[in-house]
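**Student:** need a 3D model of the following:
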Amino acid sequence: MLYIIRHGKTDWNVAKKLQGWTDIPLNEQGISMAREAAKENKEIAFDICFCSPLTRARQTAELFLEGRDTPIIIDERIKEMSFGEYEGITNYFEDSSCPVNVFFTDPKNYKGSKNGESTKDLLARTKDFLEDKVYPLLKEGNNVLIVGHGAANSSIICNYLNRDVDDFWKESIANCKLINLDDLKAN
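**Tutor:** All right, here's what the predicted structure looks like:
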């Protein structure tokens with residue numbers, strides 16, 4: 001089975017700032033969310049966890065798996081999308097004139113920003129990760145956990161379920177909500 005979870009809240013989530021590769025730690029609420037998610041999902045056994053290298057994801061993985069023997073493997077290919085020069089901005093979703101807004105409203109046509117990634121770039125690197133690391137483990141019958149981010153997790157879901165990019169945002173990627181991707185595949 002393949003499971004995916006987004007990191008807990010950060011101060012930038014609360015301020016609605018675009019994080020991307022900017023390395024922001026969890027805030028107190030995010031720490032509590034990760035601990036609560038661990039309690040809610042304590043019955044699920046994970047054989048291995050792959051985690052983004054960004055602090056907010058690493059902290060979430062460590063808190064979520066505290067007291068378990070599940071190895072946590074850091075992989076650069078599942079870090080959040082780079083938004084380049086737009087990281088740290090607010091109102092990117094509400095402001096239709098903001099170039100990064102296209103990613104959230106029409107991901108198929110988002111070409112990226114200066115020093116940032118396009119939707120195509122993100123889909124390519126998460127697909128490579130799945131093919132290289134996850135699919136072989138799933139074939140062996142392992143329960144795999146991925147701890148990542150909103151856009152990167154959406155990209156993984158699109159690749160895993162063979163969805164069109166128009167459905168990039170179909171799943172709600174709430175902070176610290178565990179999603180069983182095999183359940184989604186069955187529906």
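**Student:** in the chain, which spans are strands?
**Tutor:** For the chain, strands defined by DSSP state E occupy the ranges 2-6, 48-51, 72-74, 144-148, 179-180.
**Student:** most distant residue from the middle of the chain?
**Tutor:** Of all residues in the chain, residue 97 has its C-alpha farthest from the mean position, at 25.8 Å, by C-alpha atoms, centre = their mean.
**Student:** quick one: it and residue 91, what's the gap?
**Tutor:** In this structure, residue 97 and residue 91 are 10 Å apart, going by C-beta to C-beta, to the nearest Å. Any C-beta I mention is one placed from the backbone N, CA and C, and that applies to glycine too.
**Student:** need the contact partners of stretch 176-187.
**Tutor:** Stretch 176-187 is contacted by residues 1-8, 30, 33-34, 36-37, 40-41, 44, 60, 64, 156-157, 160-161, 171, 173 when judged by C-beta atoms under 8 Å, 6 or more residues apart in numbering.
**Student:** among the residues you listed, which are in helices?
**Tutor:** When DSSP state H defines the helices, the subset of the contacts of stretch 176-187 inside them is 30, 33, 34, 36, 37, 40, 60, 64, 156, 157, 160, 161.
**Student:** contacting residues for the first one?
**Tutor:** Remark: with contacts taken as C-beta under 8 Å, 6+ apart, residue 30 is in contact with 7, 8, 9, 10, 13, 56, 59, 60, 175, 176.
**Student:** how many residues are close by the closest residue in space to the fourth one that isn't next to it in sequence?
**Tutor:** This points to residue 10. Nearest non-adjacent residue to residue 10, counting by C-beta to C-beta, 6 or more residues apart in numbering: residue 24, 4.5 Å away. Residue neighbour count, defined by other C-beta atoms under 10 Å, stands at 19 for residue 24.
**Student:** ok, residue 24 touching residue 11?
**Tutor:** Yes. Taking C-beta atoms under 8 Å as the contact criterion, residue 24 and residue 11 are neighbours in contact, 6.8 Å apart.
**Student:** tell me the most buried of the strands of the chain?
**Tutor:** Among those, ranked by average contacts under mean count of other C-beta atoms under 10 Å, first place goes to strand 144-148 (a mean of 27).
**Student:** relative to strand 2-6, how tilted is that strand?
**Tutor:** Going by axes from the mean of the first three to the mean of the last three C-alpha atoms, to 10 degrees, strand 144-148 is angled at 20 degrees with respect to strand 2-6.
**Student:** which elements pack onto strand 144-148?
**Tutor:** Under the contact criterion of 3 or more C-beta pairs under 8 Å, 6 or more residues apart in numbering; DSSP states H and E, strand 144-148 touches strand 2-6, strand 48-51, helix 55-64, helix 150-161.
**Student:** adding distance to residue 185 and mean pLDDT, write those out as TSV.
**Tutor:** TSV is the format used below for the helices and strands packed on strand 144-148 (distance: least, C-beta to C-beta, whole Å; pLDDT from 0 to 100):
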stretch	distance to residue 185	mean pLDDT
strand 2-6	9	98
strand 48-51	18	98
helix 55-64	23	98
helix 150-161	6	97
